[in-house]
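# For reference, the sequence and a predicted model appear below.
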Amino acid sequence: MTPLMIPFPDISPEIFSVTLFGMDLALRWYAVAYIAGIVIGWRMVVMAAKTPRLWPNNTPTMTPQQIEDMLTWIILGVILGGRLGYVAFYQPDYYLQNPVEILYIWQGGMSFHGGLLGVVLAAYLYTRRGYDQFSVADAIVLGTPPGILLGRMSNFINAELWGRPTELPWGVAFPGEAAQFCPDIVGICARHPSQLYEAALEGLVLMIVLLWMVWRRDALKRPGLTCGTFFAFYGVGRFLIEFVRQPDAQFISPGNPLGLAWHVGGYGLTMGQILSLPMILLGLWLITRARRRGAVQSA
């Protein structure tokens, strides 16, 4: 009996393409996801900034104009951090031998954790004087989940970053030789649509949680609480999804078929799990700090 699976939908990664002066120019869903995610996140933060009751002492930490000015720094942090993070975390040996290709961002290769570090650095540099940086961090993470949601959906459309083989009925038969290379499976190989798992958990669900905390539970009045929740929630979600996500090919070897970046005796962690652990710890620390300060102020 042929196991149940879902055929990969016939969606082109390109929305449209044109040829100008002998060059093929294409607008891809991945680029639109980046742009739309940034715009939606920016408008969400501006809306919160225009609602003084959400903030400590009923005073927003930034004006809409300051948020717009910081947006340029955030975009640079996402792009540079995402690319350099991928280079450092996933393929350092290759890029040390081919340093020029670090600039070839159109060939793919971005790291969420690297992009996050880039945003943290960019925001710190912009707000190092005259701002409550914990409140600024809360504002930034409030607008982050839409980008994760759209970005992971575009990963699915691109048929990349798929999961491990599965016989579950919602497994997807992704196209391509790499996706269909499943040594233990005869016939068509279905895989976990891990991109959609991440879109749902780290994007949609996390966005709902943060919006509920901010608009219903006054979370922004406790600087660091929203940011800490984001870090902890994303870190735990990514850590769990890594169990069904196919690791990058460079980590897989005959002695390490699961692609673990660190392992002893066949047990260990993927690179995504290793990078998520500091996020979880930082998130728990921020939550604890915010709650303690809130309790002291209430007393």
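Structure received.

# Need the per-residue pLDDT for Thr2.
At Thr2, the pLDDT value in this model is 51.

# again with Gly224
96.

# ok, it - contacts?
If you count contacts by CB atoms under 8 Å, 6 or more residues apart in numbering, Gly224 has them with 134, 137-138, 286-287, 289-290, 293. Every C-beta, even on glycine, is put in place using the N, C-alpha and C of the backbone.

# I'd like to know which helix or strand in the protein has the lowest mean pLDDT.
For the chain, using mean pLDDT, DSSP states H and E, the weakest element among its helices and strands is strand 23-28, scoring a mean of 74.

# show me where the protein has strands.
For the chain, the strands defined by DSSP state E occupy 6-7, 14-20, 23-28, 172-173, 262-264, 267-269.

# on contacts alone, who are the packing partners of the fourth one?
The criterion is 3 or more CB pairs under 8 Å, 6 or more residues apart in numbering; DSSP states H and E, and the helices and strands that strand 172-173 contacts are strand 6-7.

# looking at the strands of the chain, which is buried most?
Highest mean neighbour count of those: strand 172-173, a mean of 20 (counted as mean count of other CB atoms under 10 Å).

# So what touches that one?
5-8, 162, 180, 188-193.

# Tell me, what's the model's pLDDT at His263?
If you check His263, the pLDDT there is 85.

# nope, Val209 is what I was after
Reading off the model, Val209 has pLDDT 98.

# show me what contacts it?
Counting by CB under 8 Å, 6+ apart, Val209 touches 229, 233.

# and it, how far is that from Tyr126?
In this structure, Val209 and Tyr126 are 26 Å apart, going by CB to CB, to the nearest Å.

# Using CSV, please lay out the contacts of strand 172-173 together with distance to Pro52.
CSV is the format used below for the contacts of strand 172-173 (distance: CB to CB, whole Å):
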residue, distance to Pro52
Met5, 52
Ile6, 47
Pro7, 51
Phe8, 48
Trp162, 45
Gln180, 55
Ile188, 57
Cys189, 54
Ala190, 51
Arg191, 48
His192, 44
Pro193, 42
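
# Which of these sits closest to Thr61?
Of all those, Thr61 sits closest to Pro193, with 38.2 Å by CB to CB.

# Spatially nearest residue to that closest one, not counting backbone neighbours?
Distance criterion CB to CB, 6 or more residues apart in numbering; nearest residue to Pro193, sequence neighbours excluded, is Val172 at 4.7 Å.

# can you tell me how far the one you found sits from Leu258?
Val172 sits 20 Å away from Leu258, taking CB to CB as the criterion.

# Give me the longest helix you can find in the protein.
Secondary structure of the chain per DSSP state H: the longest helix is helix 271-298.

# Any idea how many residues pack against Ser194?
23 (other CB atoms under 10 Å).

# Arg289 too?
Count around Arg289 with other CB under 10 Å applied: 16.

# got any ranges where the chain has weak pLDDT?
1-3, 21-23, 106-108, 295-299 (pLDDT under 70).

# In CSV, list the strands of the chain along with distance to Gln91.
Putting the strands of the chain into CSV (distance: least, CB to CB, whole Å) gives the following:
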stretch, distance to Gln91
strand 6-7, 31
strand 14-20, 25
strand 23-28, 22
strand 172-173, 26
strand 262-264, 17
strand 267-269, 18
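
# Would you mind saying which of those strands lies nearest Asp93?
strand 262-264 (16.6 Å).

# Give the other helices and strands that the closest one contacts.
Using 3+ CB pairs under 8 Å, 6+ apart as the test, strand 262-264 ends up in contact with strand 267-269.

# who does the strand it packs on touch, helix- and strand-wise?
Here strand 267-269 touches strand 262-264, going by 3+ CB pairs under 8 Å, 6+ apart.
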